[in-house]
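Student: The following block contains a protein sequence and its predicted model.
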Amino acid sequence: MRLSRKIVGVVAGTSLVLGSALVAAPAASAGSTTGGQKIIDALLPGYQANGDGNPYDFDIVTTAVIATGLAPVLGSLDNVTVFAPNDRAFEVLAVKTGALPASYRYGAKVNETQIVNALVAKLGLETIKKVVLYHVFTGGALAGADVVKLPVFGTKIKMANGQTLRVTNLTRLTGKPTIILGDKDGSFFNDYVVRSKVDAVKVTGGVVHGTRHVPLPTLGPPPTVRRPPGYVVGAVLVSGGAATHPSRRRARRAGRAAPGTDPGRPPR
């Protein structure tokens, strides 16, 4: 089946209003020459545009690649590694971001249509596009045998969105493939590569590893923290925008020099 027909199925099956953001991807071809296109070809046979309820396959991430217009981009890449979250991972993301309510209950199956619609409504296609690009490494096809040989700590790889992803390799400590991905959400032990999904897709010039969570890039500037007057941070008292050590404030009130200051100089 041509990939363009798959796109029609996505729109019909999920009722997404994609508008001009939907870009037709190239058709799957047995004569593919790039690793990226071979990955697409390998994922298509098991792809269900309307969802199949299986939480451990890659229907949602495939839908995301198609709906954001990134299929041609991926298809043009060679020597590429993709960290692909399974459908359960996107379900967790939808709850985490508030796209699905806190009262949402997980089940043995997932409703891919509900999850996709919720994430698009909450995040928008442009944000989803940035997230997808953060899962693509264009610096080489890193098979499982390569990843488990990496150092335990200190490996950072630059993803297609320009940001780095930290790779921690605990394989030598556990005796089994144990790969942890450090993203930009501040959590350390959450983005695991699923052991049974190492080399989920392995073709010439391309590899896909399945993950149990969705690694997140930095999606905007960090929020500005506004502290009220008199807010204490450690041993420093912030008052009116000026930092004053508590001992200096006490000394000032008592009319004497604070410890470590020149008695002949007024406290700052």
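Tutor: All right, it came through fine.
Student: which strands and helices sit next to the helix or strand hosting Gly210?
Tutor: Element membership for Gly210, per DSSP states H and E: strand 206-211. Counting contacts by 3 or more C-beta pairs under 8 Å, 6 or more residues apart in numbering; DSSP states H and E, strand 206-211 is packed against helix 35-43, strand 80-85, helix 144-147, strand 201-203. C-betas here are computed from N, CA, C, even on glycine.
Student: any chance you could map the strands in the stretch 51-200 of the chain?
Tutor: Taking DSSP state E, counting those that start in this stretch, the strands of the stretch 51-200 of the chain run over residues 80-85, 136-137, 155-158, 164-169, 179-182, 191-192.
Student: Now do the first one and strand 164-169, the angle between them.
Tutor: To tie it back to what came earlier, the one meant is strand 80-85. Between the axis of strand 80-85 and that of strand 164-169 there is an angle of 80 degrees, by axes from the mean of the first three to the mean of the last three C-alpha atoms, to 10 degrees.
Student: could you say what helices and strands strand 80-85 packs with?
Tutor: Checking 3+ C-beta pairs under 8 Å, 6+ apart, strand 80-85 ends up next to helix 35-43, helix 59-67, strand 136-137, strand 206-211.
Student: quick one, which of the ones you listed is packed in tightest?
Tutor: Across the helices and strands packed on strand 80-85, averaging neighbours per residue (mean count of other C-beta atoms under 10 Å) puts helix 59-67 on top, at a mean of 26.
Student: angle of that one against strand 80-85?
Tutor: Orientation of helix 59-67 against strand 80-85 (the same axes, to 10 degrees) gives an angle of 130 degrees.
Student: Quick one: list the elements packing against helix 59-67.
Tutor: Helix 59-67 sits against helix 3-14, strand 80-85, helix 87-96, helix 112-123, helix 125-133, with contacts defined as 3+ C-beta pairs under 8 Å, 6+ apart.
Student: between it and helix 87-96, how many degrees?
Tutor: Per the same axes, to 10 degrees, the angle that helix 59-67 makes with helix 87-96 is 80 degrees.
Student: remind me which residues of the stretch 151-268 of the chain are low pLDDT?
Tutor: Residue ranges of the stretch 151-268 of the chain with pLDDT under 70: 188-190, 221-268.
Student: typo on my end, the stretch 1-150 of the chain
Tutor: Across the stretch 1-150 of the chain, the ranges flagged by pLDDT under 70 are 1-32.
Student: Could you give the number of residues near Gly124?
Tutor: 12 (other C-beta atoms under 10 Å).
Student: An error on my part: the question was meant for Asp146.
Tutor: Residues contacting Asp146 under the criterion other C-beta under 10 Å number 12.
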